[in-house]
Structure formats: C-alpha cells, structure tokens
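Asks: sequence-free structure coming up:
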C-alpha cells in the first residue's frame with residue numbers, strides 16, 4: 001500500500017479519519033477499490049464501512065445502471 005501525505009487547510013475542519021473516509025468512499029464508488037479495501041483504507045471494519053456509506057450517499061450495490069437494465073431484460 002502506498003503512503004501519501006495531504007496538507008488540508010484548517011478551514012476544512014476535517015479530521016484525518018474523515019479525509020480517509022471521503023477518499024475511500026470515492027475510490028469505492030468509482031470501482032477502484034473493493035468494499036474490503038475501501039474499509040481498510042478508511043480504518044473501519046467492512047460492516048461499519050457499509051453502514052457509513054449511506055452517510056456519504058454511496059450505495060453498497062456498486063453496479064452501473066446498464067448492468068441493472070441488462071439483468072432486468074434477461075429476467
């Protein structure tokens with residue numbers, strides 16, 4: 001795993017844990033991290049991370065709408 005250092009303005013009033021959660025949720029949402037990888041990056045268990053995703057308006061069902069449409073058509 002790579003280590004990065006971010007310098008965030010104090011005006012953001014954002015803890016390092018919150019910043020990690022924001023990054024993890026975005027990478028999960030984009031499909032760049034699995035649920036487990038994103039949870040690890042954010043510093044939470046998978047279960048807790050899944051519960052917190054709702055606070056960030058991110059679905060745990062991370063499939064494109066085109067996949068859903070295809071599944072419905074094939075049902």
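Replies: Thanks, I have it. Remember, it's a predicted structure, so these values are computed and weren't measured experimentally.

Asks: mind listing what the most centrally placed residue in the chain touches?
Replies: The centroid of the chain falls nearest to residue 25 when counting by CA atoms, centre = their mean (1.8 Å). With contact set as CB atoms under 8 Å, 6 or more residues apart in numbering, residue 25 has these partners: 38, 42, 53, 56, 58. C-betas here are computed from N, CA, C, even on glycine.

Asks: quick check: it vs residue 40, distance?
Replies: 13 Å (CB to CB, to the nearest Å).

Asks: quick check: PyMOL command selecting the buried ones in the contacts of residue 25.
Replies: Provided next is the PyMOL selection string for whichever of the contacts of residue 25 are buried by 16 or more other CB atoms under 10 Å:
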select buried, resi 38+42+53+58
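
Asks: among the contacts of residue 25, pick out the one closest to residue 72, please.
Replies: Relative to residue 72, the closest of the contacts of residue 25 is residue 58; by CB to CB it sits at 22.4 Å.

Asks: I figured that closest one hits residue 29, correct?
Replies: Yes: Residue 58 is within contact range of residue 29, at 5.1 Å (criterion: CB atoms under 8 Å).

Asks: what residues do those two have in common as contacts?
Replies: Residues touching both residue 58 and residue 29 (CB under 8 Å, 6+ apart): none.
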